[in-house]
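**Student:** what follows is a protein structure lacking sequence information:
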């Protein structure tokens with residue numbers, strides 16, 4: 001199972017490193033530079049619709065992935081039932097979303113709102129189809145699906161932004177319509193993968209199974225909803241609470257985009273880990289081994305990425321954004337440090353989901369939501385986007401602490417102390433490396449940035465934070481992937 005994880009993760013990382021940076025820094029940044037403060041409105045509306053997206057899924061994606069990974073034959077019964085459930089949930093999603101827009105004033109921007117809500121529904125269906133693909137062990141096909149929409153956006157939006165005639169007419173709606181087309185493409189390809197691999201029929205549908213199944217998905221859906229709430233409500237509160245909300249939301253979105261960019265690598269772990277953790281839930285030694293391995297890989301990724309970007313936060317913002325100043329760098333600096341916590345949440349949260357400890361996890365998420373909203377109300381009016389970034393950092397740290405308490409019984413005390421000690425040592429030395437390299441003013445900052453990353457990677461090898469002998473053995477005995 002560790003070999004499956006390492007090889008498929010390597011494939012995921014390679015294709016994402018090729019495609020997604022081009023999308024983020026070439027397309028997404030380009031769109032914000034072209035449309036200006038309207039991107040802040042889009043960012044607020046996008047986060048607002050995320051708050052209602054759980055109504056269109058109720059945990060179906062996570063539950064389906066876990067069940068099919070455990071028993072692939074269940075797809076014949078689950079797929080037709082759950083896809084009909086998702087179709088039925090479209091109506092309440094639209095009704096609640098529209099009611100929320102009336103209450104918050106977002107109804108004034110109804111054209112953009114309608115397209116974003118439609119795109120969210122398409123994303124929800126795409127993720128459900130992908131949960132079947134990955135649950136059936138087609139990890140590499142799922143990897144292709146994970147970048148397909150971005151590849152489509154690079155081609156279409158790239159042409160529109162590079163062509164002087166179309167660039168002058170480019171609006172946020174142009175961007176959204178292109179997203180719509182990209183999500184449709186992902187759904188079609190995912191459907192084709194599934195139809196060619198398994199025998200199930202949408203005509204096979206037992207209405208009596210629908211409600212019992214939905215009840216089983218609710219704990220998973222509640223977890224997703226609570227996590228979405230504390231990660232997305234900040235963008236809405238910035239845009240709604242402040243007189244210059246669109247500007248502050250644009251600043252926050254500028255930094256958050258890079259956090260999302262880093263998170264695209266970390267987010268590759270859950271789709272692979274969830275079915276693997278689920279299959280091993282009755283094999284404690286192998287489960288613990290995979291948990292330790294995934295933690296080591298994730299912590300290495302987040303520490304080097306977060307500290308490198310924090311050290312050069314002002315330079316990065318000035319490079320990417322026309323209107324960036326010191327304030328943009330301050331906000332981004334706090335936001336990128338969240339990556340330390342987010343990476344661990346991906347590993348520990350996936351482990352908790354796979355082992356069925358949803359009730360305890362939901363209490364953690366609920367507590368942190370209350371903390372998040374209280375801190376946002378206290379900090380945003382005075383400290384604006386920077387205050388929201390600080391709130392996000394504290395909230396994510398609290399979530400990690402709660403998840404660690406939940407999984408403490410799944411790892412022996414000596415192993416836990418060893419991992420914790422090595423993790424702290426790695427963090428401290430990476431900070432010292434970047435502090436020293438930053439002072440080498442004779443070198444261009446991009447050279448220093450690259451040098452800091454390379455030195456940090458060498459450090460990882462030297463202290464043996466990851467068992468590279470196991471990694472080497474994994475690649476030497478690669479599994480057959482689909």
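**Tutor:** Yep, that arrived. Worth saying up front: this structure is predicted, and the values here are computed from it rather than measured.
**Student:** identify each buried residue in the one helix or strand residue 132 maps to, please.
**Tutor:** Under the criterion of DSSP states H and E, residue 132 resides in helix 110-135. For helix 110-135, a neighbour-count test (16 or more other CB atoms under 10 Å) marks 112-113, 115-135 as buried. The way it works is simple: take the backbone N, C-alpha and C, and place the C-beta from them, glycine included.
**Student:** show me what the helix or strand residue 427 falls within packs onto, helices and strands only.
**Tutor:** Taking DSSP H and E as the criterion, residue 427 maps to helix 413-438. Packed against helix 413-438 by the contact rule (3 or more CB pairs under 8 Å, 6 or more residues apart in numbering; DSSP states H and E) you find helix 284-311, helix 445-462.
**Student:** residue 403 - nearest residue in space that isn't next to it in sequence?
**Tutor:** Of all residues not flanking residue 403 in the chain, residue 348 sits nearest, at 3.9 Å (CB to CB, 6 or more residues apart in numbering).
**Student:** deepest-packed of the helices and strands packed on helix 413-438, please.
**Tutor:** The highest mean neighbour count among the helices and strands packed on helix 413-438, using mean count of other CB atoms under 10 Å, belongs to helix 284-311: a mean of 20.
**Student:** just checking, what packs against that one?
**Tutor:** With contacts taken as 3+ CB pairs under 8 Å, 6+ apart, helix 284-311 sits against helix 2-22, helix 245-266, helix 269-279, helix 326-354, helix 413-438, helix 445-462.
**Student:** adding mean pLDDT, write those out as TSV.
**Tutor:** What follows is the helices and strands packed on helix 284-311, written out as TSV (pLDDT from 0 to 100):
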stretch	mean pLDDT
helix 2-22	69
helix 245-266	86
helix 269-279	77
helix 326-354	92
helix 413-438	85
helix 445-462	89
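**Student:** between the ones you listed, which one is nearest to residue 309?
**Tutor:** With CB to CB as the criterion, residue 309 lies closest to helix 326-354 of the helices and strands packed on helix 284-311, at 4.5 Å.
**Student:** now do that closest one against helix 269-279, angle only.
**Tutor:** If you take axes from the mean of the first three to the mean of the last three CA atoms, to 10 degrees, helix 326-354 sits at 20 degrees to helix 269-279.
**Student:** right, and the helix or strand after helix 326-354?
**Tutor:** With DSSP H and E, the next secondary element past helix 326-354 is helix 358-407.
**Student:** low-scoring stretches of the stretch 1-150 of the chain, by residue?
**Tutor:** Where the stretch 1-150 of the chain drops to pLDDT under 70, the residues are 1-13, 65, 69-70.
**Student:** low-confidence ranges, the stretch 151-300 of the chain, go.
**Tutor:** Applying pLDDT under 70 to the stretch 151-300 of the chain flags residues 196-211, 213-214, 221.
**Student:** what's the nearest residue to the residue nearest the centre of the chain if we skip its chain neighbours?
**Tutor:** In the chain, the residue lying closest to the centroid (CA atoms, centre = their mean) is residue 267, at 4.7 Å. Nearest non-adjacent residue to residue 267, counting by CB to CB, 6+ apart: residue 346, 6.6 Å away.
**Student:** ok, residues contacting stretch 89-104?
**Tutor:** Contacts of stretch 89-104 with the rest of the structure, by CB atoms under 8 Å, 6 or more residues apart in numbering, involve 48-49, 51-53, 55-58, 106-107, 110, 113, 117, 121, 236, 240.
**Student:** pull out the buried residues from it.
**Tutor:** For stretch 89-104, by 16+ other CB under 10 Å, it's 89, 90, 93, 94, 97, 98, 100, 101.
**Student:** how about stretch 269-285?
**Tutor:** Neighbour-count burial for stretch 269-285, counted by 16+ other CB under 10 Å, picks out 269, 270, 271, 272, 273, 274, 275, 276, 277, 278, 279, 280.
**Student:** one step back: tabulate the helices and strands packed on helix 413-438 in CSV, adding columns for distance to residue 153.
**Tutor:** Compiled in CSV, the helices and strands packed on helix 413-438 are given as follows (distance: least, CB to CB, whole Å):
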stretch, distance to residue 153
helix 284-311, 23
helix 445-462, 26
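**Student:** out of those helices, the one nearest residue 36 is which?
**Tutor:** For the helices and strands packed on helix 413-438, distance to residue 36 was read as CB to CB. The smallest value, 24.3 Å, belongs to helix 284-311.
**Student:** mind checking how far the helix or strand following that closest one is from the chain centre?
**Tutor:** Going down the chain from helix 284-311, the next helix or strand is helix 313-320, by DSSP H and E. Relative to the mean C-alpha coordinate of its chain, helix 313-320 is positioned 23 Å out (CA atoms, centre = their mean, to the nearest Å).
**Student:** just stretch 282-296 next, same as before
**Tutor:** The answer for stretch 282-296 is 22 Å, by CA atoms, centre = their mean.
**Student:** repeat that for stretch 177-187.
**Tutor:** 19 Å.
**Student:** how about that stretch: buried residues?
**Tutor:** So stretch 177-187, judged by 16+ other CB under 10 Å, has buried residues 178, 179, 182, 183, 184, 185, 186, 187.
**Student:** isn't the second one up against residue 153?
**Tutor:** To tie it back to what came earlier, the one meant is residue 179. Yes - judged on CB atoms under 8 Å, residue 179 makes contact with residue 153 at a distance of 6.9 Å.
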